[in-house]
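A.B. asks: fold the following, please.
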Amino acid sequence: MLQVLPARIGSPLSINAVREDLQTTHPTMQRYLKVLQQVFITFEVSPYSKKIHRAVKKEKKIYFFNHIAVIEPGARFENMIALLLSKWCSSARERALGHYELHYIRDQDRREVDFLVTLEGVPELLVEAKLSDTNFTRPSLHFHHKLKVPILHIVRKPGIQIEREEGVVTSIHSLARLLG
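C.D. replies: Modelled structure (predicted):
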């Protein structure tokens with residue numbers, strides 16, 4: 001299972017697809033996934049569906065606490081950003097700054113944004129993780145206008161920090177510095 005999961009980073013996890021690959025039962029897969037979370041090998045990011053027409057509501061994304069386990073560079077970078085955001089949300093909750101949670105957004109028209117940070121269930125920040133593409137995707141701009149929250153576009157390519165329009169930021173700086 002640990003050999004199959006890294007290839008699925010960044011995509012909603014279909015337990016049935018993994019179950020078929022490993023030739024096991026659905027309850028067994030659910031138990032294995034729960035154990036991996038309990039021993040801090042993986043963590044889940046659930047979809048956000050409030051105010052999103054035809055939103056994907058069930059399939060969660062799985063990420064590794066050790067992002068080095070992911071081979072593909074784009075998925076590894078996304079996993080690293082997921083880990084940083086998840087830790088930031090946990091830290092903010094522990095410091096009593098509010099109930100921050102990490103989600104992703106995807107609708108049935110296949111528009112997707114990598115991450116959404118919510119505060120008390122209300123959208124606060126959209127986050128896109130890209131290796132080198134500095135252009136904003138249509139889905140991120142769509143959800144930016146729909147939810148009326150800023151977009152943080154994190155690009156691994158060095159030297160990029162541009163504010164293109166109000167509430168849309170491209171940056172390479174660390175999340176801890178940007179999110180305060």
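A.B. asks: CA atoms for contacts and neighbours, from now on please.
C.D. replies: Noted.
A.B. asks: wouldn't residue 12 be in contact with residue 56 here?
C.D. replies: No: the pair residue 12 and residue 56 does not pass the contact test of Cα atoms under 8 Å, sitting 9.3 Å apart.
A.B. asks: between those two, which is the more surrounded one?
C.D. replies: residue 56 (21 against 18; other Cα atoms under 10 Å).
A.B. asks: the residue lying closest to that one once chain neighbours are set aside: neighbour count?
C.D. replies: Of all residues not flanking residue 56 in the chain, residue 107 sits nearest, at 5.2 Å (Cα to Cα, 6 or more residues apart in numbering). By other Cα under 10 Å, the residues close to residue 107 number 18.
A.B. asks: contacting residues around stretch 39-55?
C.D. replies: 36-37, 56-66, 102-109, 116, 147 (Cα atoms under 8 Å, 6 or more residues apart in numbering).
A.B. asks: SS state for the residue nearest the centre of the chain?
C.D. replies: Most central in the chain under Cα atoms, centre = their mean is residue 115, positioned 3.9 Å from the mean C-alpha point. Following DSSP: H, G, I helix; E, B strand; the rest coil, residue 115 is assigned to strand.
A.B. asks: could you list the low-pLDDT ranges of this protein?
C.D. replies: 55, 157-180 (pLDDT under 70).
A.B. asks: mind checking the longest helix of it?
C.D. replies: helix 73-94 (DSSP state H).
A.B. asks: thinking again about what came up before, going through the contacts of stretch 39-55, which ones are buried?
C.D. replies: Buried residues within the contacts of stretch 39-55, counting neighbours by 16 or more other Cα atoms under 10 Å: 36-37, 56-57, 59-65, 102-107, 116, 147.
A.B. asks: just to revisit the earlier point, so the residue nearest to residue 56 touches residue 12, yeah?
C.D. replies: No: taking Cα under 8 Å as the definition, residue 107 is not a contact partner of residue 12, at 11.5 Å.
A.B. asks: need the residues touching each of these two.
C.D. replies: Common neighbours of residue 107 and residue 12 (Cα under 8 Å, 6+ apart) do not exist.
A.B. asks: got the phi/psi numbers for the residue at the greatest distance from the centre of the chain?
C.D. replies: Outermost residue of the chain with respect to the C-alpha centroid, by Cα atoms, centre = their mean, is residue 23; its distance is 27.9 Å. The main-chain torsion angles of residue 23 are listed as degrees, to the nearest 10 and equal phi 50, psi 60.
A.B. asks: next, the nearest residue to residue 4 once chain neighbours are set aside: secondary structure please.
C.D. replies: Nearest non-adjacent residue to residue 4, counting by Cα to Cα, 6+ apart: residue 18, 7.5 Å away. Secondary structure, three-state DSSP: residue 18 is helix.
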